[in-house]
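Visitor: please find the sequence and the predicted model below.
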Amino acid sequence: MEQHQRNKNADLLSPKDLGAETGRAIVIEPWLKREVKGEDARAHLQMRTPEARLVEAAGLARAIDLNVVQAGLVTLSDIRPASYIGKGKVDEIAGLVKSLAASVVVLDCSVSPVQQRNLEKAWNTKVIDRTGLILEIFGRRAHTREGALQVELAHLNYQKSRLVRSWTHLERQRGGFGFLGGPGETQLETDRRVIEGRIARIESELDKVKRTRKLHRKARKRVPYPIVALVGYTNAGKSTLFNLLTAASVPAADMLFVTLDPTLRAVALPHGNRIILSDTVGFISDLPTMLVAAFRATLEEVTEADLILHVRDMSHEDSAAQSQDVGKVIGELGIGPSDPRVIEVWNKIDRLDPNARARLANMAQRQAPTQPVLVSALSGEGAGDLIASIENRFGERRQTLEVSIDPADGAGLSWLYRHSEVLSKDMRDDGRLAVIVRADADKAARVKAKFGV
């Protein structure tokens with residue numbers, strides 16, 4: 001196994017920054033070395049390097065306070081059905097596990113239940129694949145009732161697929177019903193039935209959550225405040241940017257998946273507009289499909305947003321690959337690459353040298369008309385440009401109207417406040433009230449129809 005020294009400048013915490021250690025871990029990055037031809041060659045070149053994937057996997061392990069005692073690459077010519085990696089490497093890693101007294105081995109790939117069982121027997125230690133590791137992180141980060149339900153649902157679906165006859169007790173039978181008994185059912189069948197029952201109950205509760213969120217969105221739509229959602233790869237700086245724009249104190253740290261539960265705050269823009277900014281969970285490559293399904297209710301906040309800020313860490317060597325991973329997830333939600341609601345926010349420019357900044361600024365200018373905005377959420381540099389870009393984007397889609405109403409028409413004025421943004425009110429010489437309002441196309445049409453503008 002090729003050893004890999006962790007980059008001290010990477011976006012990972014050092015052991016002294018972590019909480020209580022949960023175990024000594026060996027992180028393995030299996031890399032399938034295959035020649036890619038044809039149409040997939042270009043996509044293959046844009047993939048992140050195995051070294052970068054290893055650094056990320058080690059960061060995921062440290063996110064649950066594992067002490068990574070060693071991390072390395074394992075190059076594969078083919079995937080073995082029984083153990084994923086070859087027998088020679090299995091024996092080599094078994095020696096490392098024993099000599100380093102490791103309590104867990106993290107494989108940065110998806111392994112089958114049989115492969116996981118065989119590796120645990122060979123190494124005499126716990127084996128976690130990428131899906132299990134991400135689920136463990138999400139389980140620790142979920143603080144709200146909704147988040148806990150969504151993570152538990154994903155966990156149960158994962159565990160259901162892991163119910164193989166790894167232990168003899170799963171084959172034991174329990175007595176059936178009736179006077180003479182019967183064959184009963186195996187422990188495996190009992191466990192599966194218990195899990196399926198719990199899954200059904202959680203899905204029922206999440207349906208209620210989904211309906212509640214729908215009611216909340218409906219209520220927000222009655223208020224003329226547009227929704228702006230932050231999306232991006234994990235650790236791209238979304239929460240730091242959220243705190244900068246809202247003066248909030250959402251937990252933000254140089255660690256993967258710090259934010260899990262969505263947070264919403266109202267923000268007053270310089271020219272009188274108000275928006276609701278939403279901070280969402282970060283995405284990651286090879287995000288388990290069961291997590292995407294479980295967090296569908298939360299991710300709907302993104303699909304319903306009026307504007308989407310795609311935050312990118314431009315100081316990261318795999319920024320382009322991370323952007324593709326985010327695009328893939330939001331594409332599954334129906335948000336395509338050419339969606340007019342998306343603004344790219346190129347973050348962490350404070351980490352770049354002057355030459356790199358100049359190249360980045362030139363790249364951004366060449367992407368007109370949907371020009372990215374360069375910011376540093378940590379120092380605040382570029383925040384004014386981002387706010388101006390948000391205001392301009394909403395200004396393009398909203399109409400400004402002058403409505404004349406009777407000063408005694410309190411109901412009419414109240415209706416304007418509910419369905420539009422009231423910019424000013426002035427009493428005219430003829431005794432009527434001139435109200436300047438701004439609204440999107442649909443609501444502007446309703447204003448015109450109601451007041452005959």
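Guide: Done, it's in.
Visitor: can you list contacts of the helix or strand hosting residue 360?
Guide: Per DSSP states H and E: residue 360 is located in helix 354-365. With contact meaning CB atoms under 8 Å, 6 or more residues apart in numbering, helix 354-365 is reached by 314, 346, 349, 352, 371-374. C-beta here means a position set from N, CA and C on the backbone, and glycine is covered the same way.
Visitor: which residue in those residues has the weakest pLDDT?
Guide: Among the contacts of helix 354-365, residue 371 carries the lowest pLDDT, at 86.
Visitor: per-residue pLDDT, the nearest residue to it once chain neighbours are set aside?
Guide: Leaving aside its chain neighbours, residue 371 sits nearest to residue 364 (5.6 Å; criterion: CB to CB, 6 or more residues apart in numbering). We have a pLDDT of 89 for residue 364.
Visitor: next one: residue 13
Guide: At residue 13, pLDDT is 31.
Visitor: low-confidence ranges in the stretch 251-400 of the chain?
Guide: Applying pLDDT under 70 to the stretch 251-400 of the chain picks out residues 251-262, 271-272, 289-291, 293-298, 300, 368-369.
Visitor: 90 instead, please
Guide: Applying pLDDT under 90 to the stretch 251-400 of the chain flags residues 251-306, 316-341, 364-371, 378, 388, 390-400.
Visitor: check the stretch 1-150 of the chain too.
Guide: Counting by pLDDT under 90, the ranges of the stretch 1-150 of the chain that qualify are 1-23, 31-53, 55-56, 59-60, 62-66, 76-78, 110-113, 131-150.
Visitor: show me where it has its strands.
Guide: Taking DSSP state E, counting those that start in this stretch as the test, the strands found in the stretch 1-150 of the chain are 2-3, 23-32, 66-76, 104-107, 126-129.
Visitor: same for the longest one, what does it pack against?
Guide: Yep, that's strand 66-76 we're talking about. On a contact count with 3 or more CB pairs under 8 Å, 6 or more residues apart in numbering; DSSP states H and E, strand 66-76 meets strand 2-3, strand 23-32, helix 50-62, helix 87-100.
Visitor: can you redo those as a markdown table with mean neighbour count and distance to residue 266?
Guide: As requested, those are exported to a markdown table (neighbours: other CB atoms under 10 Å; distance: least, CB to CB, whole Å):
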| stretch | mean neighbour count | distance to residue 266 |
| --- | --- | --- |
| strand 2-3 | 10 | 50 |
| strand 23-32 | 21 | 42 |
| helix 50-62 | 22 | 33 |
| helix 87-100 | 14 | 51 |
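Visitor: what residues are up against residue 139?
Guide: Counted by CB under 8 Å, 6+ apart, residue 139 has contacts 151-152, 155.
Visitor: quick one: stretch 412-422 to chain centroid distance?
Guide: 36 Å (CA atoms, centre = their mean, to the nearest Å).
Visitor: now that stretch: buried residues?
Guide: By 16 or more other CB atoms under 10 Å, the buried positions in stretch 412-422 come out as 413, 415-416, 419-422.
Visitor: check stretch 130-142 too.
Guide: Residues of stretch 130-142 classed as buried by neighbour count (16+ other CB under 10 Å): 130-139, 141-142.
Visitor: convert the C-alpha atoms of that stretch to PDB, please.
Guide: The C-alpha trace of stretch 130-142 is given here as PDB (Å, rounded to 0.1, in the frame of the first residue of the first chain):
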ATOM      1  CA  ARG A 130     -17.600   5.400   2.000                       C
ATOM      2  CA  THR A 131     -21.400   5.200   2.300                       C
ATOM      3  CA  GLY A 132     -21.300   4.000   5.900                       C
ATOM      4  CA  LEU A 133     -18.800   6.700   6.800                       C
ATOM      5  CA  ILE A 134     -20.900   9.500   5.300                       C
ATOM      6  CA  LEU A 135     -24.000   8.100   7.100                       C
ATOM      7  CA  GLU A 136     -22.100   8.100  10.400                       C
ATOM      8  CA  ILE A 137     -21.100  11.800   9.900                       C
ATOM      9  CA  PHE A 138     -24.700  12.800   9.000                       C
ATOM     10  CA  GLY A 139     -25.900  10.900  12.100                       C
ATOM     11  CA  ARG A 140     -23.600  13.000  14.300                       C
ATOM     12  CA  ARG A 141     -24.500  16.300  12.600                       C
ATOM     13  CA  ALA A 142     -28.300  16.000  12.600                       C
END
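Visitor: and the helices in the stretch 201-350 of the chain?
Guide: 238-246, 289-294, 296-303, 319-332 (DSSP state H, counting those that start in this stretch).
Visitor: for residue 110, which of those is the nearest?
Guide: Closest to residue 110 of these is helix 289-294 (CB to CB; 10.5 Å).
Visitor: related to what we said a few turns ago, which one of the contacts of residue 139 sits closest to residue 438?
Guide: residue 151 (40.8 Å).
Visitor: what's the local residue count around the closest one?
Guide: Residue 151 has 22 neighbours, counted by other CB atoms under 10 Å.
Visitor: is it true that it touches residue 138?
Guide: Yes - assessed by CB atoms under 8 Å, residue 151 is found in contact with residue 138 at 4.7 Å.
Visitor: what residues sit buried inside stretch 392-410?
Guide: Quick answer for stretch 392-410 (16+ other CB under 10 Å): 393-394, 398-399, 401, 403, 405.
Visitor: hang on, the earlier thing: any idea how far the residue nearest to residue 371 lies from residue 336?
Guide: Per CB to CB, to the nearest Å, residue 364 is found 21 Å from residue 336.
Visitor: these two: which has the busier surroundings?
Guide: Neighbour comparison, residue 364 and residue 336: the larger count goes to residue 364, with 16 against 10 (by other CB under 10 Å).
Visitor: restricted to strands, list the buried residues of stretch 392-410.
Guide: The members of those that map onto strands under DSSP state E are 398-399, 401, 403, 405.
Visitor: in a markdown table, list the residues you listed along with distance to residue 323.
Guide: Putting these into a markdown table (distance: CB to CB, whole Å) gives the following:
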| residue | distance to residue 323 |
| --- | --- |
| 398 | 29 |
| 399 | 33 |
| 401 | 39 |
| 403 | 44 |
| 405 | 48 |
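Visitor: so residue 380 sits against residue 244, correct?
Guide: Yes - counting by CB under 8 Å, residue 244 is a contact partner of residue 380 at 6.0 Å.
Visitor: out of the two, which sits in the busier spot?
Guide: residue 244 (19 against 13).
Visitor: OK, contacts around the more buried one?
Guide: Here residue 244 is in contact with 377, 380, 383 (criterion: CB under 8 Å, 6+ apart).
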